[in-house]
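Q: sequence below, structure please.
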Amino acid sequence: MIFSNMSDLNLFVPQKRKTRSSRNDKIAVQLRECIAKALVQNDFPVLPGHEDETKLKAFVTITRVNVAHDLRNATILFVTLNDEYQEEMLKFFDLQTHFFKNLIAKKLKLRFIPELTFKLDKSVAYSENIEKLLKQI
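A: From the prediction side, this is the model:
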């Protein structure tokens, strides 16, 4: 094959990057809203043997939800108002993961319900520390 001019080669066409799709972003927003509504209602099942650990002990804010490209995993980042309850809230979310998955299955029409992983969002504490350091200068 002989090219008549250089434009036929398409050497300078930028390659498409794999970026998160808008579908992932939409699902992340829906997951965040679903979990946040459940936290506001505070109607969680009490698990036998874990009566004290299945109750909300602090106000929780869902800061971000990261959904994997294949929609099979989701990481939910949260912060608590009281730093002393962070570990207890991690345990709470670990115990209530099944409840949240069932709630998502009822509310959202997805082929697969993502595996949920709850983590503390350390970016808020990090930004507060940076602000404190900047004020000292």
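
Q: so where do the strands sit in this protein?
A: Along the chain, counting by DSSP state E, strands occupy 60-67, 73-80, 115-120.

Q: name the residues of the last one that come out as buried.
A: In this case it means strand 115-120. 116, 118, 120 (16 or more other Cβ atoms under 10 Å). Every C-beta, even on glycine, is put in place using the N, C-alpha and C of the backbone.

Q: what pLDDT does the residue minimising distance to the centre of the chain get?
A: The residue lying closest to the centre of the chain (Cα atoms, centre = their mean) is Val65, at 1.9 Å. At Val65, the model reports a pLDDT of 94.

Q: just the helices in this protein please.
A: Taking DSSP state H, the helices of the chain run over residues 22-41, 86-95, 97-107, 123-136.

Q: so can I have a markdown table of those showing distance to Ile76, mean neighbour count and mean pLDDT?
A: Below are these laid out as a markdown table (distance: least, Cβ to Cβ, whole Å; neighbours: other Cβ atoms under 10 Å; pLDDT from 0 to 100):
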| stretch | distance to Ile76 | mean neighbour count | mean pLDDT |
| --- | --- | --- | --- |
| helix 22-41 | 6 | 15 | 92 |
| helix 86-95 | 8 | 16 | 90 |
| helix 97-107 | 8 | 15 | 94 |
| helix 123-136 | 14 | 10 | 89 |
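
Q: which one, of these, ends up nearest to Gly49?
A: helix 86-95 (10.1 Å; Cβ to Cβ).

Q: I am finished for the moment; much appreciated.
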